[in-house]
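> model this:
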Amino acid sequence: MFSQNPVFIPGPTNIPEILRKSVDVPTMDHRSSHFGDILHPALAGAKKVLKTESAEVFVFPSTGTGGWETAISNTLNPGNKVLAARHGMFSRRWIDMCGRHGLDVVVVEATWGAALPADRYEEILTADRAHEIKAVLVTHNETATGVRSDVAAVRRALDAAGHPALLLVDGVSSIGSMDFRMDEWGVDVAVTGSQKGFMLPAGLAIVAFSPKALAATETATLRRCFFDVRDMGRSQAAGGFPYTPPVGLLNGLKLATGLLLAEGLDNVFARHRRIADGVRAAVAAWGLELCAERADIRSDTVSAIRTPVGFDATRIVTHAAQVYDVAFGVGLGDVAGKVFRIGHLGALTDVMALSGVAAAEMAMVDLGLDVRLGSGVAAAQEVYRRTAAADLRAAA
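Just a heads-up that it's a prediction; the model follows:
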């Protein structure tokens with residue numbers, strides 16, 4: 001059934017009409033020079049969103065999961081040690097993928113709701129005097145828990161330890177919505193996808209490799225074929241693809257990056273922060289708590305909201321979908337049934353966010369939770385009234 005209501009899942013996100021139309025293109029000869037007119041601006045725009053001048057961007061027909069595989073298969077050898085923290089569903093899945101590729105994963109366990117422990121990373125890296133660890137994995141924004149980790153702190157940990165390991169970062173639910181500074185943070189491989197901050201349908205894995213990561217591709221022996229960045233790089237440089245490209249999605253990426261850059265990245269980040277602040281105010285007004293343990297690690301793209309002990313949070317998601325035709329995110333993994341998630345990223349405005357807050361509020365009241373109808377909406381309205389004008393003045 002087609003719904004005119006916006007979605008409030010943390011991806012895929014709402015698609016602006018202009019981007020929906022940009023993906024709808026007639027068949028073209030992707031081996032002609034016209035394809036390069038789509039591809040090269042899309043890659044250049046992605047570089048600017050990632051805030052890198054030195055990295056090379058590759059785009060594969062895939063999703064963020066394919067981007068993870070691209071990152072490890074092009075830079076590592078079987079049996080290599082990698083360091084990763086397990087503190088949510090998506091950090092857990094990347095760890096699982098590494099194990100399936102025959103890598104030796106040093107896992108740091110953390111609470112679901114906590115950020116990546118950069119101090120523990122520094123201890124492990126400092127103790128690794130033989131430099132057996134070849135890569136460090138970071139999930140910048142853990143979508144399952146609504147937690148943002150400090151990528152810059154991990155770079156500082158690597159530098160303090162004098163460790164040469166590659167820094168691989170999953171920015172699938174952050175890049176294009178939250179500040180990401182690839183060059184400044186010394187990120188070697190950044191991974192994202194088309195279906196979140198870029199406001200497009202799922203189908204593109206967008207990865208960027210630093211010069212150091214590109215050098216590693218020449219000695220890496222993990223098997224790769226479809227995701228070989230060397231093949232992709234040669235083809236992209238010539239304005240082509242090593243196989244049939246998703247022309248419509250690439251045309252959408254060209255326009256999506258243009259829209260983000262035209263809005264201004266700082267304005268994009270401020271908009272996401274403002275909308276997130278409104279949702280967080282609503283949560284407090286409901287008398288509920290976020291999964292994120294501290295205010296300074298709260299995600300600006302998704303809020304995971306804890307429900308009272310003994311109440312199945314999935315009921316809220318199911319009820320909202322069945323009665324109000326509004327989609328929220330269920331809890332995943334260790335927090336399944338304990339949280340529901342409100343995604344507030346991509347093509348979203350204050351007014352759209354208010355409709356999501358209102359729908360969640362109605363569902364909770366319907367299900368008997370001790371929530372006063374209108375309380376969360378009013379709290380979010382106060383945030384948006386107070387900050388929207390200030391953000392507009394700052395953007396002018």
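> Helices of the stretch 201-350 of the chain, start to end?
211-216, 229-237, 247-263, 265-285, 314-324, 350-366 (DSSP state H, counting those that start in this stretch).
> okay, how far is it across stretch 159-171, tip to tip?
Stretch 159-171 has an end-to-end distance of 21 Å (C-alpha to C-alpha, to the nearest Å).
> typed the wrong thing, it's stretch 342-361
Span of stretch 342-361 from end to end, C-alpha to C-alpha: 12 Å.
> Could you give me the buried positions within that stretch?
Within stretch 342-361, the residues that count as buried by 16 or more other C-beta atoms under 10 Å are 342-348, 350, 353-361. All C-beta spots, glycine's among them, are computed from the backbone N, C-alpha and C.
> pLDDT (mean, whole number) over it?
Mean pLDDT, stretch 342-361: 97.
> so how far is it off the chain centroid?
18 Å (C-alpha atoms, centre = their mean, to the nearest Å).
> Below-threshold pLDDT in the stretch 201-350 of the chain: ranges please.
Under the criterion pLDDT under 70, no range of the stretch 201-350 of the chain is flagged.
> other SSEs contacting the helix or strand harbouring Ala157?
In this structure, Ala157 sits in helix 151-161 according to DSSP states H and E. For helix 151-161, the elements it packs on are helix 118-127, strand 133-139, strand 166-170, judged by 3 or more C-beta pairs under 8 Å, 6 or more residues apart in numbering; DSSP states H and E.
> Could I get the average pLDDT for the first one?
Looking back up the chat, that one is helix 118-127. Helix 118-127 comes out at a mean pLDDT of 98.
> For it, enumerate the helices and strands it packs against.
Using 3+ C-beta pairs under 8 Å, 6+ apart, helix 118-127 sits against strand 81-86, strand 104-109, strand 133-139, helix 151-161.
> mind listing what the second one pairs with, with the direction of each?
Strand pairing for strand 104-109, using DSSP bridges, gives strand 81-86 (parallel).
> So which residues make contact with the strand it pairs with?
72, 76, 91-92, 94-95, 98, 103-110, 116-117, 120-121, 124-125, 132-139, 149, 165 (C-beta atoms under 8 Å, 6 or more residues apart in numbering).
> Show the buried residues in those.
The neighbour-count criterion (16+ other C-beta under 10 Å) marks 72, 76, 91-92, 94-95, 98, 103, 105-108, 110, 116-117, 121, 124-125, 133-139, 149, 165 among those as buried.
> which residues touch Gly176?
49, 192, 196-199, 256, 260, 268, 346.
> Now, of those, which are buried?
49, 192, 196-199, 256, 260, 268, 346.
> Quick check: the farthest pair among these?
Taking C-beta to C-beta, the two most distant members of the buried ones among the contacts of Gly176 are Thr192 and Val268; they sit 14.1 Å apart.
> could you dump the helices of the stretch 201-350 of the chain to CSV with distance to Gln381?
Formatted as CSV, those follow (distance: least, C-beta to C-beta, whole Å):
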stretch, distance to Gln381
helix 211-216, 46
helix 229-237, 46
helix 247-263, 23
helix 265-285, 8
helix 314-324, 19
helix 350-366, 7
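> Just tell me which of the ones you listed ends up closest to Thr143.
Going by C-beta to C-beta, the one of those nearest Thr143 is helix 265-285, 13.6 Å.
> Now do the closest one: which elements does it pack against?
Helix 265-285 sits against strand 289-290, strand 302-306, helix 350-366, helix 375-395, with contacts defined as 3+ C-beta pairs under 8 Å, 6+ apart.
> from the ones you listed, which stretch is densest packed?
Of all these, strand 302-306 has the most neighbours on average by mean count of other C-beta atoms under 10 Å, namely a mean of 27.
> Partner strands of that strand and their direction?
Sheet pairing of strand 302-306 (DSSP bridges) gives strand 289-290 (antiparallel), strand 339-343 (antiparallel).
> Mind putting the ones you listed into JSON lines with distance to Val317?
Below are the strands paired with strand 302-306 laid out as JSON lines (distance: least, C-beta to C-beta, whole Å):
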{"stretch": "strand 289-290", "distance to Val317": "16"}
{"stretch": "strand 339-343", "distance to Val317": "5"}
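> distance of Ala238 from Asp231?
For Ala238, the distance to Asp231 (C-beta to C-beta, to the nearest Å) stands at 12 Å.
> more crowded one of the two?
The neighbour count for Ala238 versus Asp231, taken as other C-beta atoms under 10 Å, is higher for Asp231 (16 against 11).
> is it true that the more buried one touches Phe241?
No - using C-beta atoms under 8 Å, Asp231 is not in contact with Phe241; the gap is 9.4 Å.
> For the residue most central in space within the chain, which residues are in contact?
Nearest to the geometric centre of the chain sits Ser173, at 1.4 Å (C-alpha atoms, centre = their mean). Ser173 makes contact with 10-11, 141, 143, 196-197, 299, 301-302, 345 under the criterion C-beta under 8 Å, 6+ apart.
> Which helix or which strand is home to it?
Assigned by DSSP H and E, Ser173 falls within no helix or strand.
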